[in-house]
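A.B. asks: give me the fold of what follows.
(2 chains)
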There are 2 protein chains.
Amino acid sequence: MSAINPQASELNDIIEAENASVTTMLSAKGKGIFFPAKGILGQTAAAKGKRINATIGIALEDDGTPMRLPAIEKLVSLPPAAVFPYAPSFGDAELRRVWLANIRGKNPSLGDTQLSTPVVTNALTHALSIAGYLFLDPGDTLILPDLYWGNYNLIFKNGYDAKLATHTTFVDGAYHVDGLRQALKAGGIGKKVVLLNFPNNPTGYTATEAEMDALRDVLVAAASAGNDLVVLIDDAYFGLVYEDGVGRESMFAKLADSHERLLAVKIDGATKEDYVWGLRVGFLTYAVRGGTAALYSALEAKTAGAVRGNISNASQLSQSLVKAALQSDTYAVEKEAKFEILQRRYTRIKEILAAHPEYSEAFVPAPFNSGYFLCLQLEADPERVRQILLKDFDTGTIAASGLLRIAFSATPFGLLEDLFANIFAATKAAQAE
Amino acid sequence: MSAINPQASELNDIIEAENASVTTMLSAKGKGIFFPAKGILGQTAAAKGKRINATIGIALEDDGTPMRLPAIEKLVSLPPAAVFPYAPSFGDAELRRVWLANIRGKNPSLGDTQLSTPVVTNALTHALSIAGYLFLDPGDTLILPDLYWGNYNLIFKNGYDAKLATHTTFVDGAYHVDGLRQALKAGGIGKKVVLLNFPNNPTGYTATEAEMDALRDVLVAAASAGNDLVVLIDDAYFGLVYEDGVGRESMFAKLADSHERLLAVKIDGATKEDYVWGLRVGFLTYAVRGGTAALYSALEAKTAGAVRGNISNASQLSQSLVKAALQSDTYAVEKEAKFEILQRRYTRIKEILAAHPEYSEAFVPAPFNSGYFLCLQLEADPERVRQILLKDFDTGTIAASGLLRIAFSATPFGLLEDLFANIFAATKAAQAE
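C.D. replies: Here you go, the predicted structure:
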């Protein structure tokens, strides 16, 4: 690293004074980054509202509104200022406040625990990548279960030269909490980075309430033992839980006020929660026991600096659309209607599996209770079954991690029965080869 | 770096076979990255059009259209498939073709030189960042003029631990081509990375036709001497040229077919060319003499892999809107109208400066002929003048790099005369302090 910029040193000094463990958690890049509040951006902010404002890095019409092509303007029913100008690197200020209020609303056990204000990213992948920037040095280890989203490889291994240390995800049909406990013991006391993802991609599993408590206890014990823990909480599929007794709140709520040596990093977004994959709106939110406004402000500035040095900012249009939805009178009703479509498919799958005990000769589902997916453990090679399904059954599935992944999120209700019948038949065919 | 993935090795072997110099240009991260065509994404592609398709990682309604909230759908006049699903990591296929055709249209001297198909990024900053990922190892040097966009510091120094080696931008009112020649000699023969930015931020300067030819000659001479050159061409403000004799085409056109050891990397986007700062649509396009479809395809796969491991993909909605504009019958007319607004302001500034010879007691403009900005060399401290302008003249400007930057892009025509009168008065006031 080259010399640390004085603006980064200011942030580092604040973090060190507020919680020295967080200093330990930051990567070299995380220590080096800052939001350039004193440069062009700060000078632009200072000029806001002046009669003559020649600071702005966009073009304005002679009437002072954003310059824009009618061919684009006519396609979007929002004011030009909500579409065409740059969003702040931190994200749209109002959207950040609304999203924070919604995090609290969806996780009532947070109570009045102090949190950072969410920083906007170009959706979940980008939030994960920025977390890697801030917390993972080359050679650092990321601890996670062995059934994980494949893109973590590109994000963390290729992007930040991190190592992934995986533990068995399930033992006896339950989440393997002890796998995490053992993984945290490796390498002695020090900085540790953990990733939790519920509902999980690819399995569609969310920890039960009891498992979430046990995970929290394991993490708090590790922090109490002197480890400085960064816990990345990938909440991409948050809210899509279909069974009682399964965690309805995020692990973030369990961990936000759990220990001074445990920084909870909530990675979430509108992508799956609000059915807007193509808009790219995600968030990074921090919490640590005793976290102060000064600490969070410094972490937000580093996060926004990392965003600025990577993509400048996320789409203002997309942020305006998500904000409009969240503030709409019909939002809750609309969202519930979509949830019910997915839950109805989930329930139907449970019925199909119960009605066909013979399917267990061909496959058993890995634990699932939430999200978009379930995974089947096949009595044949999943890749071979996938190919037979494509060729002979007009049916597409994903073979990965030794499992067959089924996206019921994308499968209409009326096709579910045929889907499982086809998988059964294709697996039988593969077994007979 | 951990072990190279076999899919990355395949791409590396292609690149090595097609042009071994390009192998030398890639960073360790660039050598390690690949687009995971054989995983979930490849399997999803294979399932396209099947009667039952349980591969897709989004949610579909029971009628097979993308799930979506009416509160968002009602605000955008595009089909749901153009708004809600993920875009490919490479970018929308049709937009990529249209943008490539437009690059050729705007740079006719490219003729039929073979180019890569543009890969979509989350606008220009992100394209620069991805170029850093692919071509800059920690400690590598990036050669550029000393008047440059400040965010290059966060992108390249903070993001990739690169060093910036700057040379004087102007000598005697002309671009200092020899500064580049000298910079290329430092450190002996080897891999060199250069950045060119016309129209330049902050100065609003574009090299003249003759200077562009001289720049090309210097770069080709360095390649002929055995250097492996990556030339990043930041074309953010492309097309906004207001004077005759100034380069109307990109340096990319001069360099695309110039030498086997010179990889030209065009970084451009809709942001400023099409007045959509808040949409975030940029592109990365490659050219090298003798470049083959196989070479470009491998570079595109690495680029899309870097995009996928950082942000997954850019906004589909934004890409659809830009595509709609580019394909609109009124696009050319609308764009010309905006250009004329900016050119009219530029011409007015020239008139104001000519009408006020006394202004030269307070400031002289740095060379400018294009883009959004001009910079003034003041006979007083720019930061002090900026503060006086804010406090006493209701006028906002930017003080940076020892200059005062004026965004006439954001200053209505009717305020230009007052703007320069205010700067003159404020500079006089600063001189009198």
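A.B. asks: now do the phi/psi pair for residue A:246.
C.D. replies: Phi and psi for residue A:246, reported as degrees, to the nearest 10, are phi -100, psi 150.
A.B. asks: do a quick rundown of the strands in the stretch 201-350 of chain A.
C.D. replies: Assignment of strands within the stretch 201-350 of chain A using DSSP state E, counting those that start in this stretch yields the ranges A:228-234, A:262-269, A:282-287.
A.B. asks: would JSON lines of the ones you listed with mean neighbour count be doable?
C.D. replies: C-beta: built from backbone N, CA, C; applies to glycine. Formatted as JSON lines, the strands of the stretch 201-350 of chain A follow (neighbours: other C-beta atoms under 10 Å in any protein chain shown):
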{"stretch": "strand A:228-234", "mean neighbour count": "25"}
{"stretch": "strand A:262-269", "mean neighbour count": "28"}
{"stretch": "strand A:282-287", "mean neighbour count": "27"}
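A.B. asks: any part of the worst-scoring helix or strand of chain A on mean pLDDT near chain B?
C.D. replies: One helix or strand of chain A scores below all others by mean pLDDT, DSSP states H and E: helix A:40-46, with a mean of 90. Yes: with C-beta under 8 Å from any C-beta of the partner chain as the criterion, chain B is reached by helix A:40-46 at A:40, A:43, A:44, A:46.
A.B. asks: which among the strands of the stretch 201-350 of chain A is found nearest to chain B?
C.D. replies: Chain B sits nearest to strand A:282-287 of all those, at 9.4 Å, using C-beta to the nearest C-beta.
A.B. asks: report the contact partners of residue A:18.
C.D. replies: With contact taken as C-beta atoms under 8 Å, 6 or more residues apart in numbering or on different chains, residue A:18 is in contact with A:291, A:292, A:294, A:295, A:298.
A.B. asks: mind running it again at 10 Å?
C.D. replies: Neighbouring residues of residue A:18 by C-beta atoms under 10 Å, 6 or more residues apart in numbering or on different chains: A:288, A:290, A:291, A:292, A:293, A:294, A:295, A:296, A:297, A:298, A:299.
A.B. asks: of all of the stretch 301-433 of chain A, which residue lies closest to chain B?
C.D. replies: residue A:396 (2.3 Å).
A.B. asks: what about that residue, distance to residue A:413?
C.D. replies: Going from residue A:396 to residue A:413 by C-beta to C-beta, to the nearest Å gives 17 Å.
A.B. asks: separation between the residue in the stretch 101-250 of chain A positioned nearest to chain B and residue B:89?
C.D. replies: When scored by C-beta to the nearest C-beta, the stretch 101-250 of chain A has residue A:154 as its residue closest to chain B, at 3.0 Å. According to C-beta to C-beta, residue A:154 and residue B:89 sit 10 Å apart.
A.B. asks: residue A:194 now?
C.D. replies: Distance from residue A:194 to residue B:89, counting by C-beta to C-beta: 27 Å.
A.B. asks: ok, now residue A:321?
C.D. replies: Taking C-beta to C-beta as the measure, residue A:321 falls 22 Å from residue B:89.
A.B. asks: now name the helix or strand holding residue A:49.
C.D. replies: Residue A:49 is part of no helix or strand, with elements assigned from DSSP states H and E.
A.B. asks: what about residue A:396 and residue A:413, which has more around it?
C.D. replies: A direct count of neighbours by other C-beta atoms under 10 Å in any protein chain shown for residue A:396 and residue A:413 places residue A:396 higher, at 27 against 15.
A.B. asks: was I right to think that one contacts residue B:42?
C.D. replies: No: look at residue A:396 against residue B:42 with C-beta atoms under 10 Å: they stay out of range, at 11.7 Å.
A.B. asks: how about the contacts made by the residue of the stretch 301-433 of chain A closest to chain B?
C.D. replies: For residue A:396, the contacting residues are A:386, A:389-390, A:406-407, A:410-411, A:419, B:43-56, by C-beta under 10 Å, 6+ apart.
A.B. asks: residues shared between the contacts of residue A:154 and residue B:89?
C.D. replies: Listed as contacting both residue A:154 and residue B:89 by C-beta under 10 Å, 6+ apart are A:125, B:35, B:36, B:305, B:306, B:307, B:308, B:309, B:310, B:312.
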